[in-house]
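In: Model the following, please.
(2 chains)
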Amino acid sequence: MTIKRGVSLYSFQEEYFLRKMSLEDILATVAKLGIQGVEIIPDQMIPGYPVITDEFAKRWHGWMDKYGLTPVCIDMFLDWNKFKGRVMSDDERRDSITRDILNANKLGCTVIRVIHDVSPAILEPLAPIAEKNNVKLALEIHAPSYYTSPLEQELMAMFDRVKSPYLCFTLDLGVFCKKLPRVVVQRFVRDGMKQEIADYLETAYNDGTLPHDNELGKRSSNLGDIVLSMGGREQDVMLAYMGTHMIYADSSVLPQYIPYTSHIHGKFYEMLPDYTEYSVPYDEFMPILLKGGYDGYIDSEYEGNRWIQDAFEVDSTEQVRRHHVMLKRLLGEA
Amino acid sequence: MFDRYMIVGEEFKNVKSGGEVTGFQLGLRLPYYRGVVLSLVGDMVIKVDGEQVPLEDMSVTVGGKTFPLSGLVKETVSKWEFGDIGILTVKKPGGLKPGEHKVEYSQHMKISYVPNGFWGSDEKTLHLAA
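Out: As a prediction, this is how the structure comes out:
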C-alpha cells in the first residue's frame, strides 16, 4: 500500500486557456517536476470530447511513454440540462457515463472522478461495465459536503450493499480548509467589497461561526442577509457565497472512510515559499491517510489561479512544484 | 472566472460584405473552465457604448462554424472549447465609427451542477481602427 503522487492538469488551466502551454507542454512540465500520475478534465483539454479519436489516443499514449507518465484519472461531467426544455432521462445519464468509462479505458485511466450530483440509483447499475473496463467510478466528496452528508451516506449504504470496488469516492482535500484562503479575501476587496465585510467573512470563517450552505451552490444559509446588512452589494453576496463554500471537516473520522476512497484531489489555493499551504493543513490529515492505509493517488489540484488572475500573473508550474515538495516531505520521500 | 479575458480586443473591427460595411466583429471567450456544448452557453449580453445589441443581430463563429445566437439552445453536439476565441458578428449597417468604444459583455453559463448557473462579465475600452 502506498500513496502515489499525481497532478490534475486542471492545475495548469490558466496557461492552457491563454495558449501559453499546450497539452504536451504541460505533460513535459509534469515530468520535469518528477510527478508520476496524470489526471485530465477531457472537456478542458481534449477538443471534441466525448469523441476521442484513435489518433488522439495514440498521441496521448505516445506522450505517456515519452515523458514516463502514468494516466490515472479523468474528471467527468454530466450535462443533464443540455437539451432544450427537458432534463436527461436516467438511461441518457447512464449512456453518458458509460461513454466516459470507455473513454477512460481508451486513455489508460483507472479512475473517473464522478461529479457530485450523480445519484446512487444512476451509479449502481454501472458497476459491471466499470469493472469490465477496469475503471473505478469515484464520486467526488467536495466542500461543503463531506462523508457524513446525506447524499454521501446514501452512497455509503449502496456501496456496502453492492460491495464493488468499482463504486467508491474521490475525496477533495478542500474539505479540510482551516483558514479562508487569503487569495480569496484579497480578491473580494479588489472586486469592490468593503474591507469590513471581507474582514468579517475571513474572521467568521476562521473561527467557525460563518453560516454555511449544506450543498454546493444552494443558498440555504442567511449569509446573504448578513452581507447586505453590513452594507454589501448584491455582487458581494454572490462573492461571499462563491468564495466561502469551503469547510473544515473533522479529519479524525477519516479512517473508517478510507476503504471507500480510491482517489484524492490535493486541493490547494496558495503554496507559500516555505512549502506549506496557506489554508489547508496537510500536516494534520496526511498522517491519518498514511496510517489509515490509503492506497491511491493524491493528484494536485491548484485552484488559486481563479482568485488571482484578475491582478497577477499565474505561475501554475511553481505552485505545483511547491505542492509536490510538500507532499514528498509528508510522504517520507527523500 | 477568466472574466478579464472574455473580451478579446484584437478581433474588434468592422466587417464588409460586397464593398459595404455590414457590421462589426468582436472576439469572445467563455468564463468557464471547460469546453461546453453550445446549448449550455446561456444569455449573452453585449453592450457597445451603453447600447445593448439585439439578440437577432448576433451570430457567433466557433470551431469553424457560424451559429445565430438565438439558435445556440438547439446545438447539443457542437462545442465551444475551453479558451477558444469565438468571433461574434453583429449586424449593423455602416458598422461602428473608428475610435474608442466601451464594450461590455456578460455571459450566463448553464452549468448543471450550479443551480441557476452563473454569470461572468468583462468590460473593456477598445479602439476600432479606421
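
In: what residues does chain B put near chain A?
Out: B:1-5, B:29, B:33-37, B:39-40, B:73-74, B:76, B:79, B:81-83, B:110, B:112-115, B:118 (C-beta under 8 Å from any C-beta of the partner chain). To be clear about C-beta, it is placed using only N, CA and C from the backbone, and glycine gets the same treatment.

In: if you set the cut-off to 6 Å instead, what comes out?
Out: B:1, B:4, B:33-35, B:37, B:39-40, B:73, B:76, B:81-83, B:110, B:112-115 (C-beta under 6 Å from any C-beta of the partner chain).

In: So which residues of chain B form strands?
Out: B:7-17, B:20-28, B:36-37, B:41-48, B:51-52, B:58-62, B:65-68, B:79-80, B:86-91, B:99-109, B:118-128 (DSSP state E).

In: quick revisit: from the residues of chain B next to chain A, which would you call buried?
Out: With burial judged by 16 or more other C-beta atoms under 10 Å in any protein chain shown, the buried subset of the residues of chain B next to chain A is B:1, B:33-35, B:37, B:39-40, B:73, B:81-83, B:110, B:112-113.

In: With pLDDT as added columns, please give these in JSON lines.
Out: Below are those laid out as JSON lines (pLDDT from 0 to 100):
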{"residue": "B:M1", "pLDDT": "87"}
{"residue": "B:Y33", "pLDDT": "97"}
{"residue": "B:R34", "pLDDT": "97"}
{"residue": "B:G35", "pLDDT": "98"}
{"residue": "B:V37", "pLDDT": "98"}
{"residue": "B:S39", "pLDDT": "98"}
{"residue": "B:L40", "pLDDT": "98"}
{"residue": "B:V73", "pLDDT": "96"}
{"residue": "B:E81", "pLDDT": "98"}
{"residue": "B:F82", "pLDDT": "98"}
{"residue": "B:G83", "pLDDT": "97"}
{"residue": "B:K110", "pLDDT": "97"}
{"residue": "B:S112", "pLDDT": "93"}
{"residue": "B:Y113", "pLDDT": "90"}
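
In: Following the chain past the lowest-mean-pLDDT helix or strand in chain A, name the next helix or strand.
Out: Ranking every helix and strand in chain A by mean pLDDT, DSSP states H and E puts helix A:234-243 at the bottom, with a mean of 87. Counting by DSSP states H and E, the element after helix A:234-243 in chain order, helix or strand, is helix A:254-257.

In: CA atoms only for that next one, dumped as PDB, please.
Out: The C-alpha trace of helix A:254-257 is given here as PDB (Å, rounded to 0.1, in the frame of the first residue of the first chain):
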ATOM      1  CA  LEU A 254     -11.300   9.600   8.100                       C
ATOM      2  CA  PRO A 255     -10.000   6.100   8.900                       C
ATOM      3  CA  GLN A 256     -13.500   4.500   8.600                       C
ATOM      4  CA  TYR A 257     -14.000   6.000   5.200                       C
END
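
In: List the buried residues for whichever strand or helix holds A:D199?
Out: Using DSSP H and E, A:D199 maps to helix A:195-206. Within helix A:195-206, the residues that count as buried by 16+ other C-beta under 10 Å are A:197-198, A:200-202, A:204-205.

In: relative to helix A:234-243, how tilted is it?
Out: Relative orientation of helix A:195-206 versus helix A:234-243 (axes from the mean of the first three to the mean of the last three C-alpha atoms, to 10 degrees): 20 degrees.

In: pLDDT averaged over the helix or strand that helix A:195-206 is followed by - what is it?
Out: Counting by DSSP H and E, the next helix or strand C-terminal to helix A:195-206 is helix A:223-229. For helix A:223-229, mean pLDDT is 92.

In: Contacts only, for A:M230.
Out: Residues near A:M230 by C-beta atoms under 6 Å, 6 or more residues apart in numbering or on different chains: A:I197.

In: Could you rerun that using 8 Å?
Out: With contact set as C-beta atoms under 8 Å, 6 or more residues apart in numbering or on different chains, A:M230 has these partners: A:194, A:196-197, A:200.

In: Restricting to the residues you listed, which residues neighbour chain B?
Out: Counting by C-beta under 8 Å from any C-beta, no member of the contacts of A:M230 is near chain B.

In: could I get those as CSV with pLDDT and distance to A:M271?
Out: Shown next, in CSV, are those (pLDDT from 0 to 100; distance: C-beta to C-beta, whole Å):
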residue, pLDDT, distance to A:M271
A:K194, 96, 29
A:E196, 95, 29
A:I197, 95, 27
A:Y200, 94, 27
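
In: tell me which residues of the least confident helix or strand of chain A are tucked away?
Out: For helix A:234-243, the buried set under the neighbour-count rule, 16+ other C-beta under 10 Å, comprises A:236-241, A:243.

In: Show me which pair in those residues is furthest apart.
Out: A:V237 and A:G243 (11.0 Å; C-beta to C-beta).

In: Would you mind giving the secondary structure of A:V189?
Out: Secondary structure for A:V189, judged by DSSP: H, G, I helix; E, B strand; the rest coil, is helix.

In: Next, the contact list for it, please.
Out: Contacts of A:V189 by C-beta under 8 Å, 6+ apart are A:195, A:198.

In: separation between it and chain B?
Out: Using C-beta to the nearest C-beta, to the nearest Å, A:V189 is found at 16 Å from chain B.
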